[in-house]
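> My questions concern the predicted model and sequence given below.
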Amino acid sequence: MRWVYSSARRGFTLIELLVVIAIIGLLMALLLPAIQRVREAANRMRCSHNLKQIGIALHNYHNDWNSFPPGGVTEGCCCGTQSGATWTIYILPYMEQDALYKQYNFNATNESTANRPVVQALAKPHYTCPSDIETDRLDFPESGPGSGIQYRRGSYRAVSGGSNGNAWFDDCCNNLPRNWRGALHSTCLQNNFTSERLDDIQDGTSNTIIVGEYTNRDRPRRRTFWAYTYTSYNQSSITQGQGRILINEYNRCAAIGGTGGDNPCKRGFASMHAGGIINFLFGDGRVLPIRNTVDINLLFALATIQNGEMVNLGGL
């Protein structure tokens with residue numbers, strides 16, 4: 001009898017193939033959230049690192065000029081006046097962006113044609129958080145003298161101080177108590193509202209936030225523009241009693257309502273980080289993640305430099 005040997009292997013049956021596909025799908029479903037968490041953790045770390053570098057730059061600027069830069073310079077009161085430079089432009093040389101700084105014409109307005117190459121420059125990685133969305137895009141701000149000009153988006157805003165919902169320190173002619181001001185507020189050419197020094201932070205640098213994140217999902221023209229000086233596009237305030245300003249959905253913030261209508265929403269702090277985390281730079285150079293569920297009045301106390309509140313950071 002002749003034995004016939006066949007080397008052909010039996011293939012997968014349809015049922016076996018479906019089982020294998022199901023197992024692969026299950027593994028991917030289990031692994032994908034873990035991969036996303038790792039990626040977000042890395043992005044948040046890079047975002048925090050950016051803020052630390054901004055803090056170093058601000059302190060180096062202070063060492064050279066004996067004050068922090070202004071949050072922004074305007075020729076007069078809000079809101080129809082043209083603007084000068086903003087804090088992010090002043091510290092460019094300390095962010096290894098000296099060439100970009102030298103392109104900025106300080107004798108021209110922020111909105112001038114002469115300064116378009118700077119305000120439209122891609123500010124990665126210094127002024128953009130990797131968790132933020134579409135930061136590489138140019139867009140038209142929703143208001144102000146630069147509303148017809150494309151500016152480059154950013155992720156970080158100066159903390160200009162506290163607010164009652166009707167006035168803010170991005171307007172240097174406001175009627176708010178002076179002790180509510182923050183470390184980086186606007187200054188005017190027409191008054192003596194000057195930049196702040198470390199000695200002016202009487203509440204303590206470890207109890208004062210000076211820069212934080214802001215973005216939103218649904219109103220791109222109301223987001224942060226890293227080099228647009230006008231009012232609320234590069235600096236924000238903490239409004240008393242209005243936790244809605246920490247929501248990363250502008251329209252939802254506006255719909256909640258409150259004193260000042262949607263004006264506090266224009267001057268909020270928010271991010272795309274998981275869990276509602278917003279990174280803040282403190283005056284002593286630390287960066288701390290703060291949840292958007294924080295007591296807003298605690299955050300108000302951290303935003304002011306001379307209001308004398310007793311701050312318990314354990315509440316963050």
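On my side now, so go ahead.

> give me every residue that touches Ile277.
44, 271, 289-292 (CB atoms under 8 Å, 6 or more residues apart in numbering). For glycine as for every other residue, the C-beta is placed from the backbone atoms N, C-alpha and C.

> What of Asp200?
183, 305-306.

> can you redo those residues as a markdown table with pLDDT, neighbour count and distance to Gly243?
A markdown table is the format used below for these (pLDDT from 0 to 100; neighbours: other CB atoms under 10 Å; distance: CB to CB, whole Å):
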| residue | pLDDT | neighbour count | distance to Gly243 |
| --- | --- | --- | --- |
| Ala183 | 97 | 31 | 22 |
| Ile305 | 97 | 28 | 22 |
| Gln306 | 95 | 17 | 24 |
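
> and which of those residues is nearest Thr81?
Within these, the smallest distance to Thr81 is 22.9 Å, found for Ala183 (CB to CB).

> Would you double-check that the closest one falls in a helix?
No - inclusion of Ala183 in a helix is not indicated when DSSP: H, G, I helix; E, B strand; the rest coil is applied; the result is coil.

> isn't it right next to Gly283, touching?
Yes - if you go by CB atoms under 8 Å, Ala183 and Gly283 touch, sitting 6.1 Å apart.

> which residues are in contact with both of these two?
201, 208, 210.

> Keep only those of those that are in strands.
Judged by DSSP state E, the subset of the shared contacts of Ala183 and Gly283 located in strands is Ile210.

> Spell out, range by range, the helices that occur in this protein.
Under the criterion DSSP state H, helices of the chain are mapped to 14-65, 87-90, 98-103, 116-119, 250-256, 263-266, 296-303.

> Just the CA trace of the last one, in CSV.
Taking only C-alpha atoms (Å, rounded to 0.1, in the frame of the first residue of the first chain), the coordinates of helix 296-303 have been written out as CSV:
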residue,chain,number,x,y,z
ILE,A,296,-13.6,80.0,42.2
ASN,A,297,-13.1,82.4,45.1
LEU,A,298,-9.9,80.6,46.1
LEU,A,299,-8.7,81.1,42.5
PHE,A,300,-9.7,84.7,42.7
ALA,A,301,-7.5,85.1,45.8
LEU,A,302,-4.6,83.5,43.9
ALA,A,303,-5.1,85.9,40.9
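
> average pLDDT across that helix?
The average pLDDT within helix 296-303 is 96.

> Packing partners of that helix?
strand 156-163, strand 209-213, strand 235-239 (3 or more CB pairs under 8 Å, 6 or more residues apart in numbering; DSSP states H and E).

> what would those look like in TSV with distance to Ile256, mean pLDDT and mean neighbour count?
Output for the helices and strands packed on helix 296-303, formatted as TSV (distance: least, CB to CB, whole Å; pLDDT from 0 to 100; neighbours: other CB atoms under 10 Å):
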stretch	distance to Ile256	mean pLDDT	mean neighbour count
strand 156-163	16	98	29
strand 209-213	20	98	28
strand 235-239	12	97	31
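
> got TSV for these, with distance to Ala227 too?
Shown next, in TSV, are these (distance: least, CB to CB, whole Å):
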stretch	distance to Ala227
strand 156-163	12
strand 209-213	15
strand 235-239	12
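
> remind me which residues of this structure are low pLDDT?
Scanning the chain for pLDDT under 70 picks out 1-12, 16, 31-38, 80, 190-192.

> hmm, try it at 50
1, 4-5 (pLDDT under 50).

> OK, contacts around Arg219?
Applying CB under 8 Å, 6+ apart, the residues contacting Arg219 are 142, 250-251.
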